[in-house]
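pasting a predicted model and its sequence here:
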Amino acid sequence: MSILAWLVVGLLENHDRGRFEVFAYSTAASSAPSAVGARIAQAVEHPVNASRMTGREIAERIAADGIDVLVDLGGHTQGARLDILAYRPAPTQVHFIGYAGTTGADFIDFLVADDVTVPAGAEGAYSETVLRLDHCYMPGGDPARAVPQPADRARIGLPKDAIVLCSFNQAVKLRPGVFANWCALLQQLPNAVLMLGDPGEPARQRLVAAAARWRVDSRLIFAPHLPRDEHTARLAAADIALDTFPYTSHTTTIDALWAGLPLITTAGETFASRVAASLLHTAGLDEWVFHDPAKAFQAVIALASDPAALAAAKAKVRAARSSALFDAAGFARDFEGMLLKAAGRHAA
């Protein structure tokens, strides 16, 4: 829930109260208070704690509240509640951001996308009607997010003079071929280390064993979970973010770019394989989107081997903080226009 909450809080805080009355139904099992939860409760007119309600009870509550457009954030992800939407409690039902692909559900009318994640002509792969935003479908802006200062490398266990490659994607995305490419990068960049989010002991052992076959296991650094602002400062101390494939970085791309960190991605044919490409496109950083993994590999080598080019790349990413990707108010206006379009189209 927390990742999705951070993604939508800027959108909700910027919604047009003169045109929209927003109900937010929280179905998260945990009721522990959080800073982002408090912000969402302030941002919407009607925060509803539905964590102890059955799917039918929540659906009945939604119908009784007279919701015109119901927006699902979960899809088929862990803890999601498509069972609620199966009761069809609202006349228009939309899937948004939580699941990078079609739900395949006949009770979901619309899927939120953009021209990169679902290119023209690809609509047949989706059971929903595809609605495209002008920019990336994923909101990246949070007006309250601080601009990070890079953490001191020594304090966070990074070598001072190394090229720090990193990836904080979930371990489930680290396919053998992807990790082998990263080990090959370390072989070709003898002054580089690879910082990964710590996946836990079993996965950590397997990654170290795989890296040992490339004789680069000593250059893996496993980083513990940190609060959001501390994590962003840690990212700002790195040099280049590596991307996974075919399930590319989503929120991790937003975090890297906000930290001023270049991210190099490969785009494929599926929604999930094109999200990082969409985020980079919206930030004006298309030069780091490749359709050939070998070219992405060489781009990392080139950037890591040229200090001047790397410094220029970091400066360009920092400048992208003023791009449409991080414009929460602009995203809110576009999203609201899309919802009105969806409601009108469905009613017709």
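That came in fine, so what should we check first?

my guess is Ala180 contacts Val216, does it?
No - taking contacts as CB atoms under 8 Å, Ala180 lies outside contact range of Val216: 10.8 Å. For every residue, glycine as well, the C-beta is placed using N, CA and C.

more neighbours, the two?
Val216 (21 against 14; other CB atoms under 10 Å).

quick one: residues contacting that one.
Contact analysis of Val216 by CB atoms under 8 Å, 6 or more residues apart in numbering lists Cys183, Leu186, Gln187, Leu194.

helix or strand for the first one, just tell me which one.
It stands for Cys183. Using DSSP states H and E, Cys183 maps to helix 176-188.

looking at that helix now, give me its mean pLDDT.
Across helix 176-188, the average pLDDT comes to 97.

if we can go back for a sec, of the contacts of Val216, closest to Ala64?
Minimum distance to Ala64 across the contacts of Val216 is 52.5 Å, recorded for Leu194 (CB to CB).

what about that closest one, neighbour count?
By the criterion of other CB under 10 Å, Leu194 has 24 neighbours.

in what helix or strand does it lie?
If you go by DSSP H and E, Leu194 is part of strand 192-197.

same check, this time on Ala313
Using DSSP H and E, Ala313 falls within helix 307-319.

which secondary structure elements does that helix sit against?
The contact analysis (3 or more CB pairs under 8 Å, 6 or more residues apart in numbering; DSSP states H and E) places helix 307-319 against helix 293-304.

a markdown table please, covering the contacts of Val216 and showing distance to Val130.
As requested, these are exported to a markdown table (distance: CB to CB, whole Å):
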| residue | distance to Val130 |
| --- | --- |
| Cys183 | 38 |
| Leu186 | 40 |
| Gln187 | 42 |
| Leu194 | 37 |
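
from the residues you listed, pick the one nearest Thr244.
Nearest to Thr244 among those is Leu194, at 13.0 Å by CB to CB.

beta partners of that closest one?
Beta-bridge partners of Leu194, counted by DSSP bridges, are Leu165, Leu220.

neighbouring strands - and their directions - for the helix or strand hosting Gln93?
Assigned by DSSP H and E, Gln93 belongs to strand 92-95. Paired neighbours of strand 92-95 in the sheet (DSSP bridges): strand 69-72 (parallel), strand 110-113 (parallel).

packing partners for the next helix or strand after the last one?
Translated: strand 110-113. Using DSSP H and E, the helix or strand that follows strand 110-113 in sequence is strand 129-132. On a contact count with 3+ CB pairs under 8 Å, 6+ apart, strand 129-132 meets strand 110-113, helix 328-347.
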